[in-house]
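Enquirer: coords please:
(one chain, ligands or ions: 2)
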Amino acid sequence: MIALGLGSNIISNNTTREDNIANAIRRLSEQPNISIDKVSSLYETEPVGLKDQPSFLNAVIAIATDLPPVELLDVCLRIEREMGRVREVRWGPRNIDIDLLLYHSIEIAVATLELPHPRMPDRKFVLIPLAEVAGNSIVYRGKTVQELLKVTSDDSQVSLHGNIKVSWQAKAIG
Ligand SMILES: Nc1ncnc2c1ncn2[C@@H]1O[C@H](COP(=O)(O)OP(=O)(O)OP(=O)(O)O)[C@@H](O)[C@H]1O
Ligand SMILES: Nc1nc2c(c(=O)[nH]1)N=C(CO)CN2
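Expert: Numbers count the residues shown, from 1 in each chain. Ligands and ions are numbered 1, 2, ... in the order given. Model (predicted):
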């Protein structure tokens, strides 16, 4: 499975956090080499890391792509830029954040790309939506999402916010 995490906690240009997440999914679905397989619900999540910032909306999607991991990251970073990403502080507020969570069982650890995402086990805002799209798959170092949730150190609040209003066309890849 290839999974991406999406987050938004500030609004810009008259958009809502919901619009920002839906817009990012639509832009990803419009890439010729990316097909959206599954989209989780939206969750309202308490900020983790830097606590003094507005609460986030988070979601996770599963995609199919023939882009290798580094090129997929480039697409995500380009979409963040095209959406006028506002971000000044590490772990601070942003209108859109697109993280690569996992790319099948590939492990990479270079400065610009770490897979699986190393902070996944400590983030309920990732694990809870990921549970919706990953089922019982192994997602992190031999563990399923359910196993990670049982032992996570994260005690932040995550609550269901609703469905993402976005439609997309699945396409054949490769
Ligand atoms: N799995 C990954 N997904 C996305 N970016 C990654 C990943 N691994 C490393 N990076 C690098 O991290 C850089 C900064 O990413 P970003 O601004 O989203 O960090 P952050 O959201 O503040 O913190 P975090 O990495 O904890 O989510 C990116 O430019 C990218 O090169
Ligand atoms: N709840 C929540 N907290 C965060 C988030 C996020 O997406 N959701 N992203 C962060 C930087 O990656 C830091 N903290």
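Enquirer: who's in contact with whichever residue of the chain sits closest to ligand 2?
Expert: Proximity of the chain to ligand 2 (C-beta to the nearest ligand atom) peaks at Gly7, 2.7 Å away. (Each C-beta comes from the backbone N, C-alpha and C, glycine too.) By C-beta atoms under 8 Å, 6 or more residues apart in numbering, the residues touching Gly7 are Ile21, Thr45, Phe56, Leu57, Asn58, Arg94, Ile96, Asp97, Asp99, Phe125.
Enquirer: now the third one: closest residue in space, sequence neighbours ignored.
Expert: Right, Phe56. Nearest non-adjacent residue to Phe56, counting by C-beta to C-beta, 6 or more residues apart in numbering: Asn9, 4.2 Å away.
Enquirer: and the fourth one, by the same measure?
Expert: Spatial nearest neighbour of Leu57, excluding adjacent residues (C-beta to C-beta, 6+ apart): Arg17 at 4.3 Å.
Enquirer: contact residues of this structure facing ligand 1?
Expert: By C-beta under 6 Å from any ligand atom, the residues of the chain that approach ligand 1 are 73, 77, 87, 90-91, 97, 99-100, 112-115, 117, 119.
Enquirer: of the residues you listed, list those near ligand 2.
Expert: Answer for the residues of the chain next to ligand 1 near ligand 2 (C-beta under 6 Å from any ligand atom): Trp91, Asp97.
Enquirer: which pair of the residues of the chain next to ligand 1 spans the longest distance?
Expert: Using C-beta to C-beta, those span at most 21.1 Å, a distance reached by Arg87 and Leu115.
Enquirer: when these two are compared, which one has more neighbours?
Expert: Leu115 (21 against 14; other C-beta atoms under 10 Å).
Enquirer: just checking, Arg85 touches Arg94?
Expert: Yes - between Arg85 and Arg94 there is a contact at 6.1 Å, judged by C-beta atoms under 8 Å.
Enquirer: ok, those two, which is more surrounded?
Expert: Arg94 (21 against 16).
Enquirer: that one in helix, strand or coil?
Expert: At Arg94 the chain is in coil, as set by DSSP: H, G, I helix; E, B strand; the rest coil.
Enquirer: can you map out the helices along this structure?
Expert: 17-29, 69-82, 124-134, 145-151 (DSSP state H).
Enquirer: among the ones you listed, which is the most enclosed?
Expert: Highest mean neighbour count of the helices of the chain: helix 124-134, a mean of 23 (counted as mean count of other C-beta atoms under 10 Å).
Enquirer: and the contacts of that one?
Expert: Contacts of helix 124-134 (C-beta under 8 Å, 6+ apart): 1, 3, 5, 7, 37-41, 43, 45, 48, 56, 58-62, 99, 101, 117, 119-121, 139, 144-146, 148-149, 152, 154, 156, 158.
Enquirer: noted, bye for now.
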